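A.B. asks: what follows is a predicted protein model with its sequence.
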Amino acid sequence: MTETRKKALWGARMGWLMLVLVFLAFLWGMNRRARLEATGVNVIRMLFVPSVEQGTLVERGDELARFIRRDSGLILRSEVPTSYAAVIQALGSGQADVAWMPAFAYVIAHSRYGAEAKLQVVRSLESYAIVVVRNAQGEPSRLADLAGRGVAFPRSLHPELASRLRSRLSAEAPGWVEVPVENDSDSVQQLISSPAAADAAVSSFVYSGPFDFVGDGRKELEYRRPGTLEKTRIIFTTDEPVSENVKVYHGCVYARTDSGIRQLQDLTGRSFAFSDETSASGHIFPRLLLERNGVSLGRVYYAGGHPNVVQAVWDGKAVAGSAFYSPPSRQQRSEGLFIGDARYLLLKRMPEAERRDAFLREVRVLRKTDPIPNDLCAVRRGFPEHVWERFADSLARYLDTEEGKETLFALLAGVAADPIDDSAFDGFREALASAGIGADSLLAAEEEKLEKRERQTGGDS
């Protein structure tokens, strides 16, 4: 046998040996993973509801899983099922251990399967204070012009903002007179309707779209009294916002600005896009808002996600639609995107400022719903407490990192996750019951759609 042939034969043997070793290592890893999963101790199956783009959920969920594994040794399998119903079913059947989910999905999972609330997402709300005057000749143009004059001042203003503004007015407008009112829109109403009582009005302020009917007292009043924005102007805005942590958010109703829809009643008989049948902010609470206002919709369909709703309204596929609403956070302001509601999910895909501005002029918020508890993290019945503690401790360390903060915000628009228990959702349950919402019937409809999709998928394979 020649030397060349010997070398070739030896190389072939080494190649086969390497393949065998790799295969054995693969089998060992699979066997170890199976043993770990069988014990239920070192493997956590974690689900996210499909609330934002699936790619974001998968990418950020995997980042969280990698950190938890490095930090605690726990193996995390992060997945995004097709619907809220799939998440609830997975918790009930033991196919999932941990789930990040909306409050409505949780109360069903708790009632049906004994799921247990552990953490609630905390979001940041930043608000300013503004001073508004009538838009006419001879009206005040700066704070100093308010010396000795009446200023409508809402009791609802954040205490820190109120303190700052009172000090500023006292320094620049000696003798100004506070005219107490209940809230922001009442403050602007007092300015317009009672010129003798108030020459200015104070309101809280959060960034919003130019034609939204939310954001400050002027815009809220514009909904009821068209022309309010033309009749008033802002002469002062506090330099720095006040930041507060909140555990509630809202749903809202969108419409195109050029659609002729100015009030909810204008939607009677018109097409409407809800997000998902079991979504509190994208369906349940907006539907209650519409019903309270006597609105009987025309064609209704479910767009399958919050960004899909906004896109449908923007494209004119539906006259209006509903999705989640939150004021912009510090992170969103730092990105130059001064919107915190579902339109943000489309805005962040638009690199050109001109296109973003046009989009916000074209899609407006008509109304907000009643407050809704923020999303939460729940575990299945019987999930070992010592495993949860390891997971929660590691998660807390992750959220202390910059990467962790970015991940939580990308996944759930949150800035923190605070411990919580089931009693925190009693008020939410009462609101659903008083509104006659049948949680089981809604879930049954979602489960039927889920089974249909699974049958279709199985048939296509």
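C.D. replies: Great, that's in hand.
A.B. asks: can you pull the alpha-carbon coordinates of stretch 298-309 into PDB?
C.D. replies: The C-alpha trace of stretch 298-309 is given here as PDB (Å, rounded to 0.1, in the frame of the first residue of the first chain):
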ATOM      1  CA  GLY A 298     -71.500  47.600  11.000                       C
ATOM      2  CA  ARG A 299     -69.000  45.000   9.700                       C
ATOM      3  CA  VAL A 300     -66.700  43.800  12.500                       C
ATOM      4  CA  TYR A 301     -63.600  41.700  12.200                       C
ATOM      5  CA  TYR A 302     -60.600  40.700  14.300                       C
ATOM      6  CA  ALA A 303     -57.300  41.800  12.800                       C
ATOM      7  CA  GLY A 304     -55.100  39.400  14.800                       C
ATOM      8  CA  GLY A 305     -52.900  41.900  16.600                       C
ATOM      9  CA  HIS A 306     -52.600  45.600  17.700                       C
ATOM     10  CA  PRO A 307     -50.300  46.700  14.800                       C
ATOM     11  CA  ASN A 308     -52.700  45.000  12.400                       C
ATOM     12  CA  VAL A 309     -55.500  47.200  13.700                       C
END
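A.B. asks: any idea how far it is from the middle of the chain?
C.D. replies: 17 Å (CA atoms, centre = their mean, to the nearest Å).
A.B. asks: buried sites along it?
C.D. replies: Using 16 or more other CB atoms under 10 Å as the test for burial, stretch 298-309 gives Tyr302, Ala303, Gly304, Gly305, His306, Pro307, Asn308, Val309. (C-beta placed from N, C-alpha, C; glycine too.)
A.B. asks: walk me through the domains of the chain.
C.D. replies: With domains defined by automatic domain parsing, the chain comprises 34-115+380-460, 124-243, 249-372.
A.B. asks: highest mean neighbour count out of those domains?
C.D. replies: domain 249-372 (a mean of 20; mean count of other CB atoms under 10 Å).
A.B. asks: so where's this structure shaky on pLDDT?
C.D. replies: 1-42, 50-55, 437-461 (pLDDT under 70).
A.B. asks: one more time with 80
C.D. replies: 1-42, 49-58, 82-84, 278, 331, 334, 434-461 (pLDDT under 80).
A.B. asks: need the longest strand for the protein.
C.D. replies: strand 116-134 (DSSP state E).
A.B. asks: tell me the strands beside it, with direction?
C.D. replies: Partners of strand 116-134 in the sheet, by DSSP bridges, are strand 200-205 (antiparallel), strand 232-237 (antiparallel), strand 242-246 (antiparallel), strand 376-379 (antiparallel), strand 416-419 (antiparallel).
A.B. asks: out of these, flag the one nearest Arg262.
C.D. replies: For those, distance to Arg262 was read as CB to CB. The smallest value, 18.1 Å, belongs to strand 232-237.
A.B. asks: now do stretch 341-358: distance from first to last residue.
C.D. replies: The straight-line separation of the ends of stretch 341-358 (CA to CA, to the nearest Å) is 16 Å.
A.B. asks: now do it: distance to the chain's middle.
C.D. replies: Distance, centroid of stretch 341-358 to centroid of chain: 16 Å (CA atoms, centre = their mean).
A.B. asks: same check on stretch 180-188?
C.D. replies: 28 Å.
A.B. asks: what are the contacting residues of it?
C.D. replies: 132, 152-157, 189-190, 201-204, 216-218, 220-221, 224, 228, 232 (CB atoms under 8 Å, 6 or more residues apart in numbering).
A.B. asks: okay, and which of the residues you listed map to helices?
C.D. replies: Those of the contacts of stretch 180-188 mapping onto helices are Gln189, Gln190, Gly217, Arg218, Glu220, Leu221, Arg224, Thr228, per DSSP state H.
A.B. asks: my read: the last one touches Glu222, true?
C.D. replies: Yes - taking contacts as CB atoms under 8 Å, Thr228 lies within contact range of Glu222: 4.4 Å.
A.B. asks: quick one: the helices in the stretch 201-350 of the chain?
C.D. replies: 217-224, 228-231, 285-292, 306-315, 330-334, 344-347 (DSSP state H, counting those that start in this stretch).
A.B. asks: adding distance to Ser124, write these out as a markdown table.
C.D. replies: Shown next, in a markdown table, are the helices of the stretch 201-350 of the chain (distance: least, CB to CB, whole Å):
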| stretch | distance to Ser124 |
| --- | --- |
| helix 217-224 | 21 |
| helix 228-231 | 28 |
| helix 285-292 | 22 |
| helix 306-315 | 19 |
| helix 330-334 | 6 |
| helix 344-347 | 14 |
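A.B. asks: among these, which comes closest to Trp388?
C.D. replies: With CB to CB, the closest approach to Trp388 among those belongs to helix 330-334: 28.1 Å.
A.B. asks: distance from the closest one to the middle of the chain?
C.D. replies: Relative to its chain's centre, helix 330-334 lies at 15 Å (CA atoms, centre = their mean).
A.B. asks: so which of the strands paired with strand 116-134 is nearest Ala435?
C.D. replies: Ranking the strands paired with strand 116-134 by their distance to Ala435 (criterion: CB to CB) puts strand 376-379 first, at 20.7 Å.
A.B. asks: next structured bit after the closest one?
C.D. replies: Once the chain leaves strand 376-379, the next helix or strand it forms, by DSSP states H and E, is helix 385-399.
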